[in-house]
Every structure is written in C-alpha cells, then in structure tokens.
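1. return a 3D structure for these sequence lines:
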Amino acid sequence: MKARHWITGIALLALLGAAVAGLVVTGGQDPASGFRGPASHRAPKKLKPAKKPKSPKNGKVQSDLKAPVPAPAAVPDPTVDEGPLRTAHALAALAVTPEEVELARQAERLANHEVDLAFADAMREAAARTPQVTPELEDLQAEKDYTEAAVAADQRQLALLTKQVAEATGDRQDGLGDQLEVAKAQLELDQDELDDATDNLEKAGGDPQAKVRRLRVAHDAVQNESHAAAPTEGSFKPGSLVGRFGDWNAWRTKLARLEAARQDELEKVQELSKRKQAADDEVQKQWDDRENARKQAAGFLKRGKVADPGSSRDEAKATITSLKRFTDAQRAVVSLGKRLQDEQDLSEVYGSWIGLGQAYEQVALHRILQSVLWILGVLLAVFLTGRLVDRLSRPVPGESRRAGALGLVIPFAASVLGLLVILFVVLGVPSQTTTILGLAGAGLTVALKDFIVAFFGWFVLMGRNGIHVGDWVEIKGVGGEVVEIGLLRTVLLETGNWSDAGHPTGRRVAFVNSFAIEGHYFNFSTTGQWMWDELSVLIPAGQDPYPIIDGIQKLVVKETEANARLAEEEWKTSTHRYRVQTFSAQPGLNVVPTSQGIEVRVRYITRAYQRHDDRRDLYQSVVELMHGKRPEDIAPTEA
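-> Presented below is the predicted three-dimensional model:
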C-alpha cells in the first residue's frame, strides 16, 4: 500500500480506538435506577427559642407601656419577588423524564409556598406602615368610610327585601319586588362609589396594603393557568446521530439553566439569612419590653373591678398594641425561617435535578459515541474492502480485463453502500422506508438517467463483445483508437475516416458509455479485424475502358484472394452458431459513367491494420496496368 493508505488506515484505527474508549468511560447504569431525589417531606427545622438577655445589675426592668409606641421607620413600598415561582414554572416545562417531572413538581410546590410566605410578609410590612396623616387623606378616608357604611346598609336592606318578597303574596309581592330592584340598583351605585373611593385613597398613599392585594390577585390568576408545556418533537429520528446530538445539546442547555436557577436560590438563601439574623437581633433587643408586656397583660387579666374605667381602657389599649407589635416581630422571624428553609430545599431540588441531568447528558454522549463508532466502522470496512480488492485485482495473465473490472466495481459498490449506511446512521431510518426509497429511486432514475445508462454501458463494454484499450473502433461516426475506458465515458484518439487516410488527427473524443446500450459501435480489432475498403479509378474519355476494367477486376481478385478466403472461413465459423447465411468476401465492381470518362469503383476485403498498404499496392498495380502491362505480368504483393 501507498503511504497515504497507511496514514488513512492508522487514522481510522486511532479514531475507532478513541470512540471505544469513550464508550467505556461514558457507559454506566441507567440514571433512573439510582435516582432517589431529595427528601420530599422533610420536617421543618425547629426554630431555636430566643435566649433571654442578661438583666441589668440592679435586677430591675425599665419599661413604660403607657408611653406611646414610637412610629416605625419609613418602609419602602412592599414588593414580592415571584422569581422563584416563575423559574420553577419555566424549568417544569423542560421536564421530560418521570424523574424530572417529580423534581419539577416539588420545585413548584416549594416555590409556591415561598412566594405565599413572601406575600404574607409584604402584607405585614404594609400593615406596619403608618402613613402621614394629612387633610386630604382624612377626607378620602372619611369618604371611604361613608361609602362602606352605605354599602353595608344597602346589603342589609337588600337581604330584608329579599326575605319579604319570598313571604309576601299578591299585590304586596309585586310592590316589594319593585323595591327589591331599586335596592339592587342602589347597591350597585354605592359599590361603584366605594371602589372609586378606595382607588383614590390608594393612589394618595392611604392604603399601603392595596398594592400587595393587587399583586396577590394577579398571582392567583396566573396560578390558575396551566403551566404544562406540550412536548416538542425533533426534526430527526431519536436514534439518528443528529437527533442524539440534539438531545445532548438540549441537556447541556437545560443544565445551564438549572445551574443558574440554583445560584439564584443560593443568593436568596444568603439574603434571607441576613434578614432573619437582623430580625432575631431585633427580637432579642425587645426581649425586656416583651416580658414586661406579658406581665402587664397577666396583671390586667387578674385585676378585678377598676376604679377609673378611662385609665383602664387606655392601659388595655397600650398593652394590646405592644403585644401585637411583639407578635408581628415574632411572626416575621418565623416566616423568614420558613422562607429560608424553602429556599434551601429548592436549591437542593435543583442540585438533585442537575445531578440527574448530568447522568442523562452522559447517556446522550454515550449514544453519540455509539453512532460515531458505527460511522468509523463503516469507513474502515469500506477502506479495507478497497485495499483488499486492490490487492486481489492485480493483473493476472489471461484475466487482466476481468480483474480490472472487479477492481473498479467492488470498491464503487462498497462506497455507495457505506454512504447509505452512514446516511441512515446520521439522519435515521425513515418510518416509511420502502415508500421513500421507491420515490427516491424513481426520482434519481429520472434525474440521473444518463449516468445510470452510462454506468451499465460500462459493463457491456467490459463484456465478451466489448472493446479494449488499443482497439480501433468507430462510435457515432467517429473512428479512432481507444485510449481510456472509464465507468462513465470512453475516450478515443481520432484517426479520421476508414476509407480515407485513417491517420490520427490529434483530437481526443469522449463518449458517454450509454452508446453501448442505446446506440451501436464498430470494433475493427476483433478476431480477423476484417473491413471493406474501396478503390476508385477514372478511365479518361476516348480510351477503351473494357480491357482496363477487366484487368482491374482480375488484379483486385488476384491481390485479395487470400484475404477473401480467410475472411469467408472466419465468417462461416462465427455465423454458424446464429444460423445466418454465409457472407461472400469476393470483390465487387461498379462502373459509373461521368463527363470526364468512366469511373470504376472496386470494393474489396482487407484487414484493418493492412488497409493502407493494400490500397497503396493496388493503386501501384492499376497505374502499371493503365501503362500497358498485362495483369499476369504484374507481380503480386505479399499479404
């Protein structure tokens, strides 16, 4: 083999070994078999009770519950981060396997619970805000209270009339029915005024919780919609190389999104940890005040009849306000702890999903390597087939023609078959294989008709009655020597017309091999290589033509006698098998009168490679005959 063949073979073997090694590395158990997932119902972590801070040295606790509670610091407009839930919904649409669906549902459940807690925190923060009282807010609040009272009165009146209508009969029922319709219209009017008053108060900043309520309504509306995504089908078969590469790329993209979601959750865990720590510190700072509030509430409950009801009412109001404030602070700590736990669990779910996705990504890569291994195996088989045929088709005496034909056909057929197998591996086997192959075959037959006919024409030329390189042939009126016979075309070195000079013209003429099937060709290099040639002689006017014509006929018969006898014997042998009448090889003579004299045309049999010499000798003998020599005095030429 040549150096390039060695290099190609070694490269294919190296790639094949690398593919096998990759299969061994990526091979393993099914990802679903070892999947357990994170704990679905993990018990929530118990919050540590707040530690009692150290008391002052004198043991006394300073607190003034009757003092007005200081207004909380300004709180920005409450906002709710719904990012975890949106991310969970987006990732759930990518879930394909049952294990992924389970993880996606768990992630949605945790994210939904975390967002619900976030809404509760936002409502609590909004309730803690104390908007600055202005005359405008007082008027808007008064208008809202008035319209609320009107709506409540309308509802009571509507309920009363509805009951009366049900109990009344006759004309009284008709009258009460009219009153009921009027009451409904009045309720609709007052309800519209209440909505308008509520909206005006919200825009003026008098209702901090309104924005949170609107966000909650929008959130609930979105939650009621279906977030399931219809599975998408690829353009290629799942078992094809293109389809497997698409699966592998899809897993890579999914893993990138999962990793981004996991990082977001870890950042939220850190943020909530800081907020919870700050809330814990605030609760610790208020420990003494909370204990005093508890003692004050316990003493108030044990106290009997009070002397001053007014002061007792103020004290109760202050106690209730303090207890609510401490309760809200403690609830904030608990809520932050639950949200922190949800975020941690959500990050663990995404981590488990990432581990599962990595296992499936490895499986997809393993399948890609299987397809690559098939392709490399086919290429190596085609390569070895070509080398083997090339070695076995070396020229052997007596079989060089057949060996050359096999050396061309077998590698070509192996290459075509290998290409089809590779296409099936890359693109997949069509579902309607027979139909597609039939339609594709018909289309290719029409489109590549000339090439197909030329290819099969090559087999005809390689057959028993075909041609060889070096034969003298005539194809479509062009004669010449065969210099190349390819799978699709035959090349001649043109030598001109046979009955003319027959010398090479220097032009190379190429013919598509379809002429061997659709047309015809003449081969003058077969056994005997016989052909008819023509001799033309002009007898001038005024000269007696009969002696010359008789002499030319005797001369041609004498010169071509041996060739005619051999040709008739060969023709008799070759036509006996086909039961064809034997041909005659005797010369033929035609006399044509012209204005310049008598033209004598003689057709005689000769060998293709001797035609020029025979014609030259005949012309020389005719010249001697016309100068007075007799036919018997002219020396015959040697065949």
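2. ok, and the helix or strand in the chain with the lowest average confidence?
-> The weakest-scoring helix or strand in the chain, judged by mean pLDDT, DSSP states H and E, is helix 287-302 (a mean of 63).
3. quick check: next helix or strand after that one?
-> Per DSSP states H and E, the first helix or strand lying C-terminal to helix 287-302 is helix 309-392.
4. distance between the next helix-or-strand element following that following helix and the chain's centre?
-> Once helix 309-392 ends, the next helix or strand along the chain (criterion: DSSP H and E) is helix 400-427. On the basis of Cα atoms, centre = their mean, to the nearest Å, helix 400-427 sits 29 Å off its chain's mean C-alpha point.
5. alpha carbons of the helix or strand just after helix 400-427, as PDB, please.
-> For helix 400-427, the following helix or strand on the C-terminal side (DSSP H and E) is helix 433-447. The C-alpha atoms that make up helix 433-447 are tabulated as PDB, following Å, rounded to 0.1, in the frame of the first residue of the first chain:
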ATOM      1  CA  THR A 433     -38.600   3.300   4.300                       C
ATOM      2  CA  THR A 434     -40.000   1.300   1.300                       C
ATOM      3  CA  THR A 435     -42.100   4.200   0.100                       C
ATOM      4  CA  ILE A 436     -39.300   6.800   0.500                       C
ATOM      5  CA  LEU A 437     -36.800   4.500  -1.200                       C
ATOM      6  CA  GLY A 438     -39.200   3.900  -4.100                       C
ATOM      7  CA  LEU A 439     -39.900   7.500  -4.600                       C
ATOM      8  CA  ALA A 440     -36.200   8.500  -4.200                       C
ATOM      9  CA  GLY A 441     -35.200   5.700  -6.600                       C
ATOM     10  CA  ALA A 442     -37.700   6.900  -9.200                       C
ATOM     11  CA  GLY A 443     -36.600  10.500  -8.900                       C
ATOM     12  CA  LEU A 444     -32.900   9.600  -9.100                       C
ATOM     13  CA  THR A 445     -33.600   7.300 -12.100                       C
ATOM     14  CA  VAL A 446     -35.200  10.200 -14.000                       C
ATOM     15  CA  ALA A 447     -32.600  12.800 -12.900                       C
END
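6. helix 433-447 vs helix 400-427, what angle?
-> Orientation note: helix 433-447 sits at an angle of 130 degrees relative to helix 400-427 (axes from the mean of the first three to the mean of the last three Cα atoms, to 10 degrees).
7. can you map out the helices along the stretch 501-639 of the chain?
-> Assigned by DSSP state H, counting those that start in this stretch, the helices in the stretch 501-639 of the chain fall at 515-518, 545-576, 611-626.
8. the stretch 101-250 of the chain too?
-> 135-167, 170-203, 209-223, 241-285.
9. could you save those as CSV and add columns showing distance to Val421?
-> In short, each C-beta sits where N, CA and C put it, glycine included. Formatted as CSV, the helices of the stretch 101-250 of the chain follow (distance: least, Cβ to Cβ, whole Å):
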stretch, distance to Val421
helix 135-167, 80
helix 170-203, 72
helix 209-223, 51
helix 241-285, 12
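10. which of those helices is buried the deepest?
-> Among the helices of the stretch 101-250 of the chain, the stretch with the highest mean neighbour count (mean count of other Cβ atoms under 10 Å) is helix 241-285, at a mean of 16.
11. could I get the helices of the stretch 501-639 of the chain as JSON lines with mean pLDDT, distance to Lys285 and mean neighbour count?
-> Converted to JSON lines, the helices of the stretch 501-639 of the chain look like this (pLDDT from 0 to 100; distance: least, Cβ to Cβ, whole Å; neighbours: other Cβ atoms under 10 Å):
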{"stretch": "helix 515-518", "mean pLDDT": "88", "distance to Lys285": "104", "mean neighbour count": "18"}
{"stretch": "helix 545-576", "mean pLDDT": "79", "distance to Lys285": "124", "mean neighbour count": "16"}
{"stretch": "helix 611-626", "mean pLDDT": "81", "distance to Lys285": "127", "mean neighbour count": "17"}
